[in-house]
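K.L.:
could you look at this predicted model? Sequence included:
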Amino acid sequence: MTDLAETLKEKLRMTTTELPGHVDLSEHRIETSAPVYRNPTTALLYTHALARGDGKLAEGGPLAVDTGAFTGRSPKDKFLVQEEGSQDRIWWGEVNQAFAPERFDSLRDKVTTHLESADALYVIDAWAGADPAHRIGVRVITAHPYHALFAKTMFIDLAPGDAASFAPQALVLHAPDLEASPEEDGTRSGTFVVLHPGRTELLVGGTFYAGEIKKSIFTVMNDRLPLEGVFPMHCSANVGDDGRVAIFFGLSGTGKTTLSADPERKLIGDDEHGWGDNGVFNVEGGCYAKVIRLSPVAEPEIYKTTRTFGTILENVAIDGQGILDLDDDAKTENTRAAYKLEQIANALPSKMAGHPASVIFLTADAFGILPPIARLSIPQALYFFLSGFTAKLAGTEIGVTDPQPTFSTCFGQPFLPQHPKVYARMLDQKLEQHGATVWLLNTGWTGGPFGEGERMPIQATRTMLSAALSGDLDNAEYRTDELFGFEVPTTVPGVDAKILDPRSTWNDPEQYDRKARELAQMFADNFARRFGDVGESVQAAGPKL
């Protein structure tokens, strides 16, 4: 063992005698004589992670970690316990696979026994939900300091004085190095993410990918908030100095984080929000951004976080001197940075703002068919919301190596415990009540499909978005797309008019027409199969085949 490693080991032994807020875990049926660290500092978690060899210190101060075999979520290994109190509202099927209560209890015992054997445990107590009227207390228990730091980063810190009266309302028992037995435990594989809705307890194991922790709590909020009359959203959000709020729906890799981190606007949050009677509020306290090929010019705020103490970098290439290579995709396309919201200079401290004036649907169209921007009517908005069309980008899920066209309803299908129509009805009510303008923004391909065309220029996207949010496009001239029916501006100041008409960017316009009809048919087939019973106005808002 090297002298450095010995020194770190000694520091770890020394710090175990001074616990930063010991907590009794017997209420969770965990009995341990090992040190239990409640809400430890970032510095202590760094020290422990480095001593264990769980990460490397990168130049500038971030902690660089490797998540092993799992570099993305495992949606096929997600289960919900089928119990009396919630079973009638759950959208059972491929997204929410049923898990027997007795199986949950048995697997839970395995997880707690595994945690009891650890040399140390870390407890993160925090809030999910910036609005005090709709927040829940989250407790994450793990034996891994890096994952404790991730939870500390992604959820909202307790205020001074909160700790004494804090009572967890959602519990995550995290054991990434414990694999389930499908025969004994009823799982699909050794990986498991299991939610018991009645108890609001989650078991996460068999994967070191930290994103499972945050998305498991998002699933909880997607079930809980509608019961309180709050619309939960897989979106980013920001607000201008004029108070006009914009929200950005979209799956991973479509630009939620990048486009909402606008230096001219205050950032509310980058991924998960609720829309209640008082407006929009962030569910989280941190951001979880893709950083592959991150540009210091196009995305300076996010780039800066990759050189900052407190940031966790997942699967980012790092050399022996701690120098990062954000362009290296040898491990995965899904390289990530987790950082506190406050690391973004223009972050809104309250994480709350008013009702949206603009709703943006982000799609990364791998076919190169959709225009870079289009304005939608409310029926069209509901149609596209339920459709949730995008390209599933490489690395976001296990097995995805190239962009794949996909329909992820509500732009967040993997995280919906209730039926998509529940969330669509809430969007409809909010749009009718507050009069927000809805835009479809294609951050995908232009000039041809993936492999032939090129990715939409980000500066053009930013210019079009700015024009939409400022109201400059309110009175612009529009054409109606003959196939999809939405309105497309014919000109946007500062943008090459040619890219506003996707057909004109293709070398073979007739090939574009064929592919456009294919995509429109995919929309129609998906909608008919899944949402054939929605209202006539929404049905009629689809492509005109």
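P.N.:
Okay, I see it.
K.L.:
just the mean pLDDT for stretch 161-170, thanks.
P.N.:
Mean per-residue pLDDT for stretch 161-170: 94.
K.L.:
now do that stretch: distance to the chain's middle.
P.N.:
25 Å (CA atoms, centre = their mean, to the nearest Å).
K.L.:
pLDDT below threshold where in the stretch 351-500 of the chain?
P.N.:
Low-confidence segments of the stretch 351-500 of the chain (pLDDT under 70): 392-403.
K.L.:
surely G137 touches F166?
P.N.:
Yes. Taking CB atoms under 8 Å as the definition, G137 is a contact partner of F166 at 5.7 Å. For every residue, glycine as well, the C-beta is placed using N, CA and C.
K.L.:
any residues in contact with both of the two?
P.N.:
Common contacts of G137 and F166, defined by CB atoms under 8 Å, 6 or more residues apart in numbering, comprise D125.
K.L.:
the helix or strand hosting H234 packs against which elements?
P.N.:
Taking DSSP states H and E as the definition, H234 sits inside strand 231-239. Under the contact criterion of 3 or more CB pairs under 8 Å, 6 or more residues apart in numbering; DSSP states H and E, strand 231-239 touches helix 211-224, strand 245-249, helix 256-260, strand 266-269, strand 272-276, helix 420-434.
K.L.:
of all the ones you listed, which lies closest to I499?
P.N.:
Closest approach to I499 among the helices and strands packed on strand 231-239 is made by helix 256-260 (16.9 Å; CB to CB).
K.L.:
before we move on, back to that, and the strand holding H234, what's buried?
P.N.:
Using 16 or more other CB atoms under 10 Å as the test for burial, strand 231-239 gives 231-239.
K.L.:
equivalent analysis for stretch 152-163, please.
P.N.:
By 16+ other CB under 10 Å, the buried positions in stretch 152-163 come out as 152-158.
K.L.:
same deal with stretch 166-173?
P.N.:
Those would be 166, 168, 170-173, for stretch 166-173 by 16+ other CB under 10 Å.
K.L.:
okay, strands next: where are they in the stretch 251-400 of the chain?
P.N.:
266-269, 272-276, 279-282, 286-290, 312-314, 317-318, 324-325, 336-340, 352-353, 356-363, 373-376, 389-392 (DSSP state E, counting those that start in this stretch).
K.L.:
please name every helix or strand in contact with the last one.
P.N.:
It stands for strand 389-392. Looks like strand 389-392 contacts strand 356-363, strand 404-407 (3+ CB pairs under 8 Å, 6+ apart).
K.L.:
quick one: closest of the strands of the stretch 251-400 of the chain to S86.
P.N.:
Of the strands of the stretch 251-400 of the chain, nearest to S86 by CB to CB is strand 272-276, at 19.3 Å.
K.L.:
name the residues that touch that closest one?
P.N.:
With CB under 8 Å, 6+ apart, strand 272-276 has contacts from 129, 131, 133-134, 214, 218, 221, 225, 228-237, 247, 280-284, 355-356, 426, 430.
K.L.:
can you tell me which of the residues you listed are buried?
P.N.:
By 16+ other CB under 10 Å, these give 129, 131, 134, 214, 218, 221, 225, 230-237, 247, 280-284, 355-356, 426, 430 as buried.
K.L.:
in CSV, list the strands of the stretch 251-400 of the chain along with distance to P449.
P.N.:
Listed next are the strands of the stretch 251-400 of the chain as CSV, based on distance: least, CB to CB, whole Å:
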stretch, distance to P449
strand 266-269, 32
strand 272-276, 31
strand 279-282, 35
strand 286-290, 22
strand 312-314, 30
strand 317-318, 29
strand 324-325, 29
strand 336-340, 27
strand 352-353, 38
strand 356-363, 14
strand 373-376, 19
strand 389-392, 10
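K.L.:
so for R108, which of those sits nearest?
P.N.:
strand 272-276 (25.7 Å).
K.L.:
give me every residue that touches the most centrally placed residue in the chain.
P.N.:
Centrality entry for the chain: nearest residue to the mean C-alpha point is D271, 4.8 Å, by CA atoms, centre = their mean. Listed by CB under 8 Å, 6+ apart, the contact set of D271 reads 234-236, 256-257, 284, 287-288.
K.L.:
okay, those residues in TSV with distance to E477 next?
P.N.:
Formatted as TSV, these follow (distance: CB to CB, whole Å):
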residue	distance to E477
H234	33
C235	29
S236	29
K256	29
T257	32
E284	40
C287	37
Y288	39
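K.L.:
now render the residues you listed as TSV, adding distance to G205 and pLDDT.
P.N.:
As requested, those are arranged in TSV below (distance: CB to CB, whole Å; pLDDT from 0 to 100):
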residue	distance to G205	pLDDT
H234	24	96
C235	29	96
S236	29	96
K256	28	90
T257	28	88
E284	22	98
C287	25	95
Y288	20	95
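K.L.:
follow-up on the earlier one: export the buried residues of strand 231-239 to CSV and tack on distance to E179?
P.N.:
Below are these laid out as CSV (distance: CB to CB, whole Å):
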residue, distance to E179
F231, 37
P232, 31
M233, 34
H234, 29
C235, 34
S236, 34
A237, 38
N238, 41
V239, 44
